[in-house]
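> please find the sequence and the predicted model below.
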Amino acid sequence: MEYIKSQMESFADTGASINEITITEPMWIKGNRTVKIYWEGPKDRYRFIHLNERGHYDRSGKWVETKGKGAIDRAMRAGREAYFEAVKTAIGGMI
């Protein structure tokens, strides 16, 4: 989750989107160990996250590239590498 917060800080205004990041406990979904990351809180930032991540059209119909475009995706890719390193270390200690 820290990777996501650090990526989002580059375009943070009030910090509401960062403050509303929520993560579930690990769970099994279709045989895969998974956690879900979502936005929940009093400012309802979940409504805007997809706009920041992908870009959007403004009221005049012009495409807007946001400062945060791809921030969550970058963080997830970076976190994936850290996850696999942790698993390799744990497995190495068991052998």
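Structure's in. What do you need? Numbers count the residues shown, from 1 in each chain.
> quick one: the helices in this structure, in order.
2-8, 16-19, 46-54, 71-94 (DSSP state H).
> Asn52 - how many residues pack around it?
Residues lying near Asn52 (other C-beta atoms under 10 Å) number 19. (C-beta placed from N, C-alpha, C; glycine too.)
> before we move on, what about Gly68?
Gly68 sits with 22 neighbouring residues when counted by other C-beta under 10 Å.
> wait, it touches His50, no?
No: in terms of C-beta atoms under 8 Å, Gly68 does not count as a neighbour of His50; the distance is 10.8 Å.
> which residues touch the nearest residue to Gly70 once chain neighbours are set aside?
Excluding the flanking residues, the one nearest Gly70 by C-beta to C-beta, 6 or more residues apart in numbering is Glu53, at 6.7 Å. Contact analysis of Glu53 by C-beta atoms under 8 Å, 6 or more residues apart in numbering lists 68-73.
> among the residues you listed, which ones are buried?
The neighbour count (16 or more other C-beta atoms under 10 Å) marks 68-69, 71-72 as buried among the contacts of Glu53.
> before we move on, the earlier item: and the helices of the chain: which comes nearest Trp28?
Closest to Trp28 of those is helix 71-94 (C-beta to C-beta; 15.9 Å).
> quick one, that closest one and helix 46-54 angle?
Interaxial angle, helix 71-94 versus helix 46-54 (axes from the mean of the first three to the mean of the last three C-alpha atoms, to 10 degrees): 90 degrees.
> rewinding a little: state the pair within the buried ones among the contacts of Glu53 that is farthest apart.
Going by C-beta to C-beta, the pair spanning the buried ones among the contacts of Glu53 furthest: Lys69 and Ile72, at 9.8 Å.
> since that was my last question, I'll sign off now.
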